[in-house]
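Chemist: sequence below, structure please.
(2 chains)
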Amino acid sequence: MGTPGSMRTYNLTGSFSESLRDFFRRGEMIGMLIVDDLRRQYTHSLLGSFWLLVKPLLLLGLYGVLFGMVFQSRSGPGQTSWEYLLVLLTGLLPWLIFAEAISSATSAITANVGLVTKILFPIEILPVVKVLGTTASGLVGLLLLSIILVSMQYVGWALVLLPFLLAAQLAFMIGLAWTLSAINVAVRDTNQILPLALMVWMFLSPVVYTKEMVPQALATVFSMNPMTYFLDGYRMILLSGQPPALSLWVIVLVVSAVTFLLGFGVFHRMRIIIADLV
Amino acid sequence: MIAVQAKQLTKVYPCYDRRIDLIMDLLHVARRFPQARRPALEDVSFTVETGECVGVIGRNGAGKSTLLKLLAGMSVPTSGSLEVHGKVTALLELGTGFHPDYSGVENVRINGMLLGLSRSEVESRLPAIVEFAELGEVINEPVRTYSSGMQSRLAFAITTALQPDILLIDEVLAVGDAYFVDKCIRHLQGFLRNGGTALIVSHNAFLVSRLCQKALWLEGGKLLRFDMAQDVCQAYYLYVRKLERAPQGGSGASVQGRRWGSGEIRICSVRVLDSENKEESSFFRGERMVIRVAYEAPSVQVNASLYVLITRHDGVLATSRFSEDEGIEMGAFRGTGYVDVAFDPLLLGDGAYWLSVGIFPQKTGAETIYRMDPFDHHDQVSQFTVRRPDRPLQTVFDHPVQWSHKPAG
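Modeler: Alright, predicted model coming up:
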């Protein structure tokens, strides 16, 4: 028996800060659920967890062949197709991590009705698990790309900054995932709108081109887009081998922290009725 | 010490014209008002002391599950206050989050953590869980190969590893075979003996009166009664039976059952009397109870027989007497009169009972065991309750016995 008068383990009506503190104590459960999430994806498959490697390998290989040999495309004067391929991949991999995680995390709550309505469970960790679980295969791809770039001496010591940039991006993604998954409980259109929104967002972000190629007229739009800074950061680290500027770090960290906390706030407000709605 | 205190607890499920309004309202973007709806729970106040076991009964849609969800903290009351002191575990459904491809043991590990145990707690309690489930070697097979009873056993076994102060159970005790149900109940009784508090939602009033001291009867979201489990359960059963008897769409005023017969003798009234010949509907075991059947016979009928059947609220045939079987000759029935059937002492156990009465013509020798040719027969014409004066126990009846002790020495 616990001590009389002690709080229940999971408190729906706790304050924002209490809930946030609770959330950070759930590392063990989150870790277990991520492993479980990955296992569920790969049970009954012949290759098993090897799929984690196959997907990014295929992606890198396909784009390599397509752009390096077929298209012979060039993105600017003096740029070879090989260089454009690297520009493309350093944008595409972080973007795919972002887009895949957001689209799967949006239905994290609606896909787990049992956990929401039948057991006393801290549901705010569900979108987080989805974000981190989906990121796993993208991380492998990013790692492969880093190895290639290091071996070709594109990247120097600045690579040690990559985990920090990635962590900031994950915080940004988790914040968005909380917001979207909570809203998706009430308004199921979210799931329909999202692929379209992500497509538009992708073309408004320097994914298949670089920031420098954006026309002046659209510069303001791009400067309002957080992903511009993340992608710029990746390219600085992976292609230029330079640490991103301090201003970029400030923007990235502030955007991530604000999105994370705002997302948690939205979820915190919504979760008192989530169990009534699913 | 108070474990649960609810004051004017009310829950109205939100219903806005458009769902987007709900988001606007919750996030304080704009003020929107939900439509008025019937509350799932309305103005419910009660207190549960630490160590008590409270049954929650009521028909479907009465608000039982809503109440449990509020207590569990999975849903937030619309108004009123709710205090819950202590760690809560809610068993609303068994096996939530089971993965069919994982073995029993792996599911125990995952489910244990989903239910709030840490990894090390799960590991240390794993042997006890496996032992409780009694699945043998099968525990290492994928859960998809389990029967539903086996899955329930495993799921319930996991919950035995949780050590809550307050246990909330929604109809999950009725799992597996009789042996396992009994094991679950014994586990629950052990939990209660150790000072645990429990609230149990069940349709099985027998289970509620066996496990709980108190019962809470919800009807249409309102608290109808909160009292000793025996009393509430009996009242609830009588109420349900009354509803079953009520003609479809009718006023519900008629509580009487089927009536049929040829009509040579008609039953005018059936009254249940106590030892002072006053009408009474609740008795203690051991008291004198008399059933007085008043009749009207327009023509003379010789040696008619009287039949009395008593059924308990849950359908158990408690006792049936037929004057003819006992060789009693009633003599002539002419005009009006009454027959008394005395139960002295009344030996029936705790419960609410229905009384059926019939008057049959003299046996001609051609009938089978069942007499289908009454002058008049009233199904469930009256009802009464019996209570044991000492400890409450829903035995069918208290058989008189003789004790004898013969020490060997």
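Chemist: quick one: name whatever helix or strand follows the lengthiest strand in chain B.
Modeler: Criterion DSSP state E: the longest strand present in chain B is strand B:289-302. Next in sequence after strand B:289-302, counting helices and strands by DSSP states H and E, comes strand B:305-312.
Chemist: now do the longest strand of chain B: which elements does it pack against?
Modeler: Judged by 3 or more CB pairs under 8 Å, 6 or more residues apart in numbering or on different chains; DSSP states H and E, strand B:289-302 is in contact with strand B:266-273, strand B:332-343, strand B:351-360. In short, each C-beta sits where N, CA and C put it, glycine included.
Chemist: kindly export the shortest one (C-alpha atoms) in PDB.
Modeler: By that I understand strand B:266-273. Taking Å, rounded to 0.1, in the frame of the first residue of the first chain, the C-alpha atoms of strand B:266-273 are listed here in PDB:
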ATOM      1  CA  ARG B 266     -61.100 -17.100  -8.800                       C
ATOM      2  CA  ILE B 267     -58.300 -15.700  -6.700                       C
ATOM      3  CA  CYS B 268     -59.500 -12.400  -5.300                       C
ATOM      4  CA  SER B 269     -56.400 -11.400  -3.400                       C
ATOM      5  CA  VAL B 270     -53.100 -12.800  -2.200                       C
ATOM      6  CA  ARG B 271     -51.700 -11.200   0.900                       C
ATOM      7  CA  VAL B 272     -48.500 -11.800   2.800                       C
ATOM      8  CA  LEU B 273     -49.000 -11.500   6.600                       C
END
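Chemist: returning to what we had before: chain A: which of the helices and strands packed on strand B:289-302 is closest?
Modeler: strand B:351-360 (34.0 Å; CB to the nearest CB).
Chemist: okay, the angle between that closest one and strand B:305-312?
Modeler: Relative orientation of strand B:351-360 and strand B:305-312, computed by axes from the mean of the first three to the mean of the last three CA atoms, to 10 degrees: 160 degrees.
Chemist: what's downstream of strand B:351-360, the next helix or strand?
Modeler: strand B:376-387.
Chemist: so which residues of the stretch 101-250 of chain B form helices?
Modeler: B:104-114, B:119-133, B:148-159, B:178-193, B:205-211, B:229-245 (DSSP state H, counting those that start in this stretch).
Chemist: out of the ones you listed, which comes closest to residue A:126?
Modeler: For these, proximity to residue A:126 was assessed by CB to CB; helix B:104-114 is nearest, at 11.0 Å.
Chemist: so is that closest one next to chain A?
Modeler: Yes: using CB under 8 Å from any CB of the partner chain, helix B:104-114 reaches chain A at B:110, B:113-114.
Chemist: most neighbours among those residues, which one?
Modeler: residue B:114 (23 neighbours; other CB atoms under 10 Å in any protein chain shown).
Chemist: quick one: that residue from residue B:91, how far?
Modeler: 13 Å (CB to CB, to the nearest Å).
Chemist: next, the angle strand B:266-273 makes with the longest strand of chain B.
Modeler: Using the same axes, to 10 degrees: strand B:289-302 against strand B:266-273 is 160 degrees.
Chemist: strand B:289-302: how far from the chain's middle?
Modeler: Centroid displacement of strand B:289-302 relative to its chain, using CA atoms, centre = their mean, to the nearest Å, is 36 Å.
Chemist: ok, now stretch B:382-391?
Modeler: Counting by CA atoms, centre = their mean, stretch B:382-391 comes out at 16 Å from the chain centroid.
Chemist: circling back to that earlier point, now the helices and strands packed on strand B:289-302 in CSV, with mean neighbour count and distance to residue B:281?
Modeler: Converted to CSV, those look like this (neighbours: other CB atoms under 10 Å in any protein chain shown; distance: least, CB to CB, whole Å):
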stretch, mean neighbour count, distance to residue B:281
strand B:266-273, 17, 6
strand B:332-343, 14, 14
strand B:351-360, 23, 10
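Chemist: a markdown table for the ones you listed, including mean pLDDT and distance to residue B:315?
Modeler: Converted to a markdown table, the helices and strands packed on strand B:289-302 look like this (pLDDT from 0 to 100; distance: least, CB to CB, whole Å):
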| stretch | mean pLDDT | distance to residue B:315 |
| --- | --- | --- |
| strand B:266-273 | 91 | 20 |
| strand B:332-343 | 92 | 20 |
| strand B:351-360 | 89 | 9 |
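Chemist: mind putting those strands into JSON lines with distance to chain A?
Modeler: Below are those laid out as JSON lines (distance: least, CB to the nearest CB, whole Å):
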{"stretch": "strand B:266-273", "distance to chain A": "46"}
{"stretch": "strand B:332-343", "distance to chain A": "47"}
{"stretch": "strand B:351-360", "distance to chain A": "34"}
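Chemist: phi, psi for residue A:15 please.
Modeler: Here is the backbone geometry of residue A:15 (degrees, to the nearest 10): phi -70, psi 170.
Chemist: what about it, how many neighbours?
Modeler: So residue A:15, with other CB under 10 Å, has 10 neighbours.
Chemist: that one and chain B, how far apart?
Modeler: 14 Å (CB to the nearest CB, to the nearest Å).
Chemist: that older thread, make JSON lines out of the helices of the stretch 101-250 of chain B and add mean pLDDT.
Modeler: Listed next are these as JSON lines, based on pLDDT from 0 to 100:
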{"stretch": "helix B:104-114", "mean pLDDT": "91"}
{"stretch": "helix B:119-133", "mean pLDDT": "91"}
{"stretch": "helix B:148-159", "mean pLDDT": "88"}
{"stretch": "helix B:178-193", "mean pLDDT": "85"}
{"stretch": "helix B:205-211", "mean pLDDT": "77"}
{"stretch": "helix B:229-245", "mean pLDDT": "76"}
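Chemist: any chance of TSV for the ones you listed, columns distance to residue A:232?
Modeler: As requested, the helices of the stretch 101-250 of chain B are exported to TSV (distance: least, CB to CB, whole Å):
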stretch	distance to residue A:232
helix B:104-114	40
helix B:119-133	40
helix B:148-159	49
helix B:178-193	59
helix B:205-211	65
helix B:229-245	69
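Chemist: per-residue pLDDT, residue A:7?
Modeler: Per-residue pLDDT puts residue A:7 at 36.
Chemist: follow-up on the earlier one: the helices and strands packed on strand B:289-302: which one's closest to residue A:261?
Modeler: Nearest to residue A:261 among these is strand B:351-360 (59.0 Å), distances taken as CB to CB.
Chemist: next, the angle helix B:229-245 makes with the closest one.
Modeler: Angle between the axes of strand B:351-360 and helix B:229-245 is 40 degrees (criterion: the same axes, to 10 degrees).
Chemist: can you name every helix or strand that strand B:351-360 contacts?
Modeler: Secondary elements touching strand B:351-360 (3+ CB pairs under 8 Å, 6+ apart): helix B:229-245, strand B:266-273, strand B:289-302, strand B:305-312, strand B:376-387.
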